[in-house]
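[1] please find the sequence and the predicted model below.
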Amino acid sequence: MATGALWLIGAGNMGGAMLRGWLASPGWARPVTVIDPHVAEVPNGVTLLRELPSGDEQPDILVLAIKPQQLGDVAPLFAAKAGAPRLLLSILAGVETTTLKNVVGADAIVRAMPNLPVSIGEGVTALYSSDADNGARSEAAGLVASLGLVEWVDDEKLFDAVTALSGCGPGFLFRFIEAMAQAGEALGLPAAQALRLATATVKGSALLAASSNEGPAVLADRVASPGGSTREGLNVLDRDEALKALMRATLLAAAERNAELAAAARSG
Ligand SMILES: NC(=O)C1=CN([C@@H]2O[C@H](COP(=O)(O)OP(=O)(O)OC[C@H]3O[C@@H](n4cnc5c(N)ncnc54)[C@H](O)[C@@H]3O)[C@@H](O)[C@H]2O)C=CC1
Ligand SMILES: O=C(O)[C@@H]1CCC=N1
């Protein structure tokens, strides 16, 4: 297991989730420094700094996990440094490689789009790099492998799409669970019980879909006996492609926002 120092700039919702995932992964051996002016505490063994150290010291791996709108705050600190990290892993939605190269630099830059379940090793991390060699690519992939599924994206233009799907996706699914539970409640179930049923149903269905050789359309048909109640419910979701149209509009709105964030970061 690699042992070079890792600096994590920003340990909020997502940086914190990655940190928890890494520290829980077997054999994790890198010394970690969190740089965050606001985070209340960090796990045992992790160093906390309130700002990027001045001077030319650089880590082996720098993980950038601030908000895209906060990039301008750290830019002058990086500009003042003579060197650059060996590998930069940026999880900033929308912010492109060219912008990262201008602001931070690094021998190799890899964009990563994780999602919140990385904190329990069940996440998805999409990766893209225009300049990393095979060694740096496998190092980046190895870094996130313990956090769940890893998928490379070949074209940076598709990064906004994976961000909308798997990066934002947990947010949409949490909303779905909430809506399903509330619908159960409207049919008379106690709220807490409805939430338990909805959460376990989504979990079990996702596990089954992930382990099955059959696609979700076939699996849905397995639940829907002809003339039965599931079919009546599916008819509501399928009428005028109601659910599909809603998901298309949802992902499009998220992808368009990523493109706006990229444009803002480009213009500094
Ligand atoms: N929340 C999510 O599910 C996902 C977020 N992302 C990306 O992760 C990044 C962070 O998002 P969240 O964690 O949700 O935001 P957040 O607001 O929870 O975390 C940002 C952290 O950065 C810290 N910070 C602010 N200014 C700083 C500075 N100058 N130096 C060091 N740290 C600073 C804040 O104190 C905070 O702890 C964003 O770029 C977002 O696009 C990517 C995938 C999923
Ligand atoms: O909402 C956001 O901007 C970030 C990007 C992916 C998930 N959360």
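    It's in. Ligands and ions are numbered 1, 2, ... in the order given.
[2] hey, which helix or strand in the protein has the poorest pLDDT?
    The helix or strand of the chain with the lowest confidence, counting by mean pLDDT, DSSP states H and E, is helix 71-79 at a mean of 85.
[3] and that one, does that touch ligand 1?
    Yes: using CB under 6 Å from any ligand atom, helix 71-79 reaches ligand 1 at 73-74. C-beta coordinates here come from the backbone N, C-alpha and C atoms, glycine included.
[4] name the strands paired with the next helix-or-strand element following that helix and say parallel or antiparallel.
    Sequence-wise, the next helix or strand downstream of helix 71-79 (DSSP states H and E) is strand 87-90. Looking at strand 87-90 with DSSP bridges, its partner strands are strand 61-64 (parallel), strand 108-113 (parallel).
[5] now strand 87-90 - C-alpha only, PDB.
    Extracted in PDB, the C-alpha atoms of strand 87-90 (Å, rounded to 0.1, in the frame of the first residue of the first chain):
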ATOM      1  CA  LEU A  87      -0.800  14.000  -8.500                       C
ATOM      2  CA  LEU A  88      -3.900  16.200  -8.200                       C
ATOM      3  CA  LEU A  89      -7.200  14.600  -7.800                       C
ATOM      4  CA  SER A  90     -10.000  17.200  -8.100                       C
END
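[6] what does it contact?
    By CB atoms under 8 Å, 6 or more residues apart in numbering, the surrounding residues in contact with strand 87-90 are 60-64, 100, 104-112, 132, 136, 139-140, 143-144.
[7] circling back to that earlier point, how about residues contacting the least confident helix or strand of the chain?
    For helix 71-79, the external contacting residues (CB under 8 Å, 6+ apart) are 9, 51-52, 54, 66, 92, 95, 99, 103-105, 265, 268.
[8] need the contact list for whichever residue of the stretch 101-250 of the chain sits closest to ligand 2.
    Nearest residue of the stretch 101-250 of the chain to ligand 2: residue 167, at 3.4 Å (CB to the nearest ligand atom). Under the criterion of CB under 8 Å, 6+ apart, the neighbours of residue 167 are 93, 113-115, 126.
[9] near ligand 2 too, which of those?
    Okay, of the contacts of residue 167 touching ligand 2 (CB under 6 Å from any ligand atom), that's residue 93.
[10] distance check, the residue lying closest to residue 159 once chain neighbours are set aside against residue 89.
    Spatial nearest neighbour of residue 159, excluding adjacent residues (CB to CB, 6 or more residues apart in numbering): residue 128 at 5.4 Å. Distance, residue 128 to residue 89, using CB to CB, to the nearest Å: 11 Å.
[11] the more surrounded of the two?
    residue 89 (27 against 23; other CB atoms under 10 Å).
[12] show the pLDDT at residue 2.
    If you check residue 2, the pLDDT there is 67.
[13] oops, could you answer that again for residue 70 instead?
    Residue 70 is given a pLDDT of 91.
[14] skipping adjacent residues, who's closest to it in space?
    residue 10 (7.3 Å).
[15] still on that earlier bit, which residues does the residue nearest to residue 159 bridge with?
    Applying DSSP bridges to residue 128 gives these bridge partners: residue 111.
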